[in-house]
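Colleague: Structure, please.
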Amino acid sequence: MYFNIAEEGDLAKLKKTEPKRFKIEANGAQYIDLRALPLAPVPNFEIGRLTHLANILRGLIFATVEAAQSGHPGGSSSKVEQFLTLLMGGFIAFDPTDPKHTCRDRVIWSSGHCTPLLYSGLALIYEVLRRRGRQFSEAVVRPVFPEDLIRFRHTDGPQGHAESYTPLSDFTTGPSGHGFSAAGGMALVHKSCGLPTKVWVFMGDAESEEGLTYEARNILATTGADNMIVTLDYNHFGIDGDINEVISAPYVNYWHGLGWNAIETDGHNPLELFYAYKLAAEGFGNNLPTIVISHTIKGKSYGKMENSSASHGSHLPHEEYVQAVKELGFNIPGNAENVMEDIEAIMETISGTDELYVEHALQLCAEKIMHEPELIAQMKAALAGRNFIQPTKILRPEQLPTELIFKEGEQVATRKAAGAWFKWMMEQTAFFYTGAGDLSGSTDVKAAEQVYGLINKTNPLGRGIRFGIAEQNMAMMASGLTEDILPGGYKPISAFASYAVFTNMMANGVRLSLVGNSVNLQNAGFFIMVASHDGPETGEDGPTHHGMYWMALYDAFPGIKVYKPLDANETIAMLFYALKIGEPIALSLTRTDVPVIKRGNGVPPAIAATNGAYVYKNYSGNGKNKIAVAVCGGKMLANLIEVLPQMENSFDVKIVAVTSPELYVDYRKQNPEGARAILSDEERKKLIVLHNGWKGFLDPFILPADYENRVFGMDGYFKSGRPDEIYELAGFSPPQLLEKIMLAAGKIIV
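Modeller: All right, here's what the predicted structure looks like:
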């Protein structure tokens, strides 16, 4: 039988006879809609009391925003029942008197702007504990009390977006979708260490518009991160308007279609939410993460802004705020000059039985936390044979293993040296993770990935992450996972790789992790962002792949330094140094082979690269006029050395090799005399600077009196070609370098 499916009749016949041809399976993912389903009551889960507590939280949310005249009431109000059900249902392993217990569940506010809810919820929790006489160290716990809410969004009060030192907030968030990705990294770490802990994520519906979240949804389903549960606030509105103006397909498709278990609920019905979270926590036995899509009203009970995008980040006029809170059942004074009176009036409605109810629920949450020795034993059993050592405590061996030593005079790409170090490092500790943006072979992280294999459903204890072409998610997930402390105090580290030119796409994820490191030093993570194929060396691909200006971003970010070793042995030395310091780095690596520098005869050992610069060649004392040249980039150095004899026919030449301008700035502060020996202030006034990329990278080395005539970099876009051709096209072949230097030197001497 043949079908002419262009004919309507035959297409209808095919649908009837072979319906499977018209269905797409969600690859084993489960779906259930709990909305309006008659559900059995849950013992000790008191809906009436929860409704009262929900009103209290909304009143506190609105008062918090009123006090600041700023904040995000819309998404905060629509998530109230989700927040309460998770806590009052005893689902989260969390102890409010020890909120950063290493064995707790992790909670991430991907909708990091919903801090009026987070802080109001914490104010409720800690006020109840205070009334109940519970003792805890405020310095350790960092609680939020009702009186703190009036300083919301002030430097001495709760901050505008979620930060990781706060109870019930385990990552510093704000930009849409990024917290979800970081949470995914933590979920993979916990599962790959054999831990039963869960990662809970509060998320907004508009975050599904963010491309990074697609990348994360995809990899989390593929790797089997079934310890991750998203509670998503489906209120239909972002900042600009209805999300259906952007997302037009059925919303559940954006998750279930990628292999996530999906449960739909009325997000203002605590009983439906209770059953949804219970199902999600127990799992469906299919090795997949779960999302609870909670249908809600944005800005619920927030006056005229209810059910609108206006409630996202705007506040009601004072009189309308007062009316909204009174409609919740609170007889507040409504004095615009003293919002604390309103907060006190709201808190007065908490009865003794309310306090007992909340305290009991929090006790259930605390009891879910397992004992640390038990979890450490579980990790060691799961990871038998691996070394349980904190990665940043691993020191450079006095005698390097042979695979980390490169023969002087040979030609070796620095990416190969880094790849050898990553593999060696993977063998030393159970807490090192690697991955690449579909470029593991090119960036040489593949050998490290193969030590324990890729994390997937059949190999959950792997250490490699196959991110695919997804640089944004890779950067956020791989850097974010380093801001966690596992049972036993172990902290994972990561190395994630792409071409240097593509690191621009990773900038916001890296920046967010650096912010997290800054605000929460105890959890500060160490990671290596590999910027491989630096310079114009990916020449044949053309200007879209020439990595020459990327470091401008990372040079500007506090908390990360760009390392640019000139050869393979310097790469090894600088990686060990970065590990010792524990500060994240952006590691520039070459695609093409560069000479392994011959040491001795005035050339210092490779460890000198960790000062950020060193004297590669000092003045020879030939009696001629002196000139100093600072050079960055292995190929650029090789080209310069090629014409050095001709330069010395006219000048006495000093060559300073630059490996990290930022490290050299630090070195100048720590050891001014040593820094002056490398490059004196007098030499800096007349220095000639060469870099195979952005000119500004070497600015810390010069005191610019004649910048344009002495600083040479690549500041254009070039054609496809072999590396030597591109260097010539850019004006940096050996003869062209000689011409530039001789011209600049002539002006300096005059």
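Colleague: how far out from the middle of the chain is stretch 449-456?
Modeller: How far stretch 449-456 lies from its chain's middle: 21 Å, per C-alpha atoms, centre = their mean, to the nearest Å.
Colleague: Stretch 274-292 now?
Modeller: Averaging C-alpha positions (C-alpha atoms, centre = their mean) puts stretch 274-292 26 Å from its chain's average.
Colleague: what's the answer for stretch 308-324, then?
Modeller: Per C-alpha atoms, centre = their mean, the centroid offset for stretch 308-324 relative to its chain is 33 Å.
Colleague: burial count for the residue lying closest to E127 once chain neighbours are set aside?
Modeller: Excluding the flanking residues, the one nearest E127 by C-beta to C-beta, 6 or more residues apart in numbering is P146, at 5.4 Å. All C-beta spots, glycine's among them, are computed from the backbone N, C-alpha and C. Around P146 there are 22 other residues, counting by other C-beta atoms under 10 Å.
Colleague: Would you mind measuring from P146 to A281?
Modeller: 30 Å (C-beta to C-beta, to the nearest Å).
Colleague: And G621, by the same measure?
Modeller: Taken as C-beta to C-beta, the span from G621 to A281 is 76 Å.
Colleague: what about N508, which helix or strand?
Modeller: Secondary structure assignment for N508, by DSSP states H and E: helix 507-519.
Colleague: Okay, now the sheet partners of the helix or strand containing S494, with direction.
Modeller: Assessed by DSSP H and E, S494 sits inside strand 493-499. Sheet pairing of strand 493-499 (DSSP bridges) gives strand 432-436 (parallel), strand 527-532 (parallel).
Colleague: circling back to that earlier point, G621 and A281 - which one has more neighbours?
Modeller: A side-by-side neighbour count of G621 and A281, using other C-beta under 10 Å, places A281 first with 18 against 8.
Colleague: SS state for that one?
Modeller: helix (DSSP: H, G, I helix; E, B strand; the rest coil).
Colleague: Pull out the buried residues from stretch 272-279.
Modeller: Across stretch 272-279, burial judged by 16 or more other C-beta atoms under 10 Å covers E272, L273, F274, Y275, A276, Y277, L279.
Colleague: Repeat that for stretch 154-169.
Modeller: With burial defined by 16+ other C-beta under 10 Å, the residues of stretch 154-169 counted as buried are 157-169.
Colleague: Could you give the average pLDDT over it?
Modeller: Across stretch 154-169, pLDDT averages out at 96.
Colleague: Same question for stretch 372-387.
Modeller: Stretch 372-387 comes out at a mean pLDDT of 98.
Colleague: Does P543 touch K719 like I think?
Modeller: Yes: the criterion here is C-beta atoms under 8 Å, and P543 meets it with K719 at 7.2 Å.
Colleague: packing partners for the one helix or strand in the chain whose mean pLDDT sits lowest?
Modeller: Of all helical and strand segments in the chain, the minimum by mean pLDDT, DSSP states H and E falls on helix 707-710, at a mean of 78. The contact analysis (3 or more C-beta pairs under 8 Å, 6 or more residues apart in numbering; DSSP states H and E) places helix 707-710 against helix 734-749.
Colleague: who's in contact with the helix it packs on?
Modeller: Where contact means C-beta atoms under 8 Å, 6 or more residues apart in numbering, the residues beyond helix 734-749 that reach it are 625, 627, 629, 636, 639-640, 642-643, 646-647, 650-651, 686, 688, 690, 706, 709-710, 712, 728, 731.
Colleague: Which ones among the residues you listed lie within helices?
Modeller: Counted as lying in helices by DSSP state H, out of the contacts of helix 734-749, are M636, N639, L640, E642, Q646, M647, N709, R710, E728.
Colleague: Just name the closest of those residues to N4, please.
Modeller: The shortest approach to N4 among the ones in helices among the contacts of helix 734-749 belongs to E728, at 61.8 Å (C-beta to C-beta).
Colleague: That closest one: how many residues sit nearby?
Modeller: As a burial measure, E728 scores 16 neighbours (other C-beta under 10 Å).
Colleague: before we move on, what about the one 4 residues further on?
Modeller: Here the count is done by other C-beta under 10 Å, and F732 has 24 residues near it.
Colleague: what do you get for F330?
Modeller: If you count neighbours by other C-beta under 10 Å, F330 ends up with 23.
Colleague: isn't it right up against R58?
Modeller: No: applying C-beta under 8 Å as the test, F330 and R58 come out as separate, 9.6 Å apart.
Colleague: Spell out which residues are contacts of both of these two.
Modeller: Common neighbours of F330 and R58, using C-beta under 8 Å, 6+ apart, do not exist here.
Colleague: Strands - which of the buried residues of stretch 154-169 land there?
Modeller: Taking DSSP state E, every one of those sits outside strands.
Colleague: Now tabulate the residues you listed in TSV and tack on distance to K393.
Modeller: Formatted as TSV, these follow (distance: C-beta to C-beta, whole Å):
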residue	distance to K393
G157	37
P158	35
Q159	32
G160	36
H161	32
A162	30
E163	27
S164	22
Y165	23
T166	28
P167	28
L168	30
S169	28
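Colleague: Which residue is the nearest non-sequential neighbour of the residue nearest to the spatial centre of the chain?
Modeller: The chain has M476 as the residue nearest its centroid, 3.0 Å off, counting by C-alpha atoms, centre = their mean. Ranked by C-beta to C-beta, 6+ apart and with sequence neighbours excluded, the top spatial neighbour of M476 is G509, at 3.2 Å.
Colleague: Next up, phi/psi of P99, please.
Modeller: As for P99, its main-chain torsions (degrees, to the nearest 10) stand at phi -70, psi -20.
Colleague: OK, contacts around it?
Modeller: V141, R142, P167, L168 are the contacts of P99 under C-beta under 8 Å, 6+ apart.
Colleague: Which of these fall in helices?
Modeller: In helices, defined here by DSSP H, the members of those are V141.
Colleague: so which of the contacts of P99 comes closest to A524?
Modeller: The closest of those to A524 turns out to be R142 (C-beta to C-beta; 16.4 Å).
Colleague: returning to that earlier point: neighbour count: P543 and K719, which is higher?
Modeller: P543 (15 against 11).
Colleague: Find the nearest non-adjacent residue to that one, please.
Modeller: Y717 (3.8 Å).
Colleague: what separates that neighbour from N4, distance-wise?
Modeller: Taking C-beta to C-beta as the measure, Y717 falls 52 Å from N4.
Colleague: re earlier: export the contacts of P99 to a markdown table and append columns for distance to E367.
Modeller: Listed next are these as a markdown table, based on distance: C-beta to C-beta, whole Å:
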| residue | distance to E367 |
| --- | --- |
| V141 | 18 |
| R142 | 22 |
| P167 | 17 |
| L168 | 17 |
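Colleague: For S513, give me its contacts.
Modeller: By C-beta under 8 Å, 6+ apart, the neighbours of S513 are A182, M476, S479, G480, T482, E483, G525, F527, P584.
Colleague: Of the residues you listed, which belong to strands?
Modeller: Using DSSP E, those in strands are F527.
Colleague: of the contacts of S513, closest to I247?
Modeller: Once C-beta to C-beta is applied, the member of the contacts of S513 that ends up nearest I247 is M476, at 21.1 Å.
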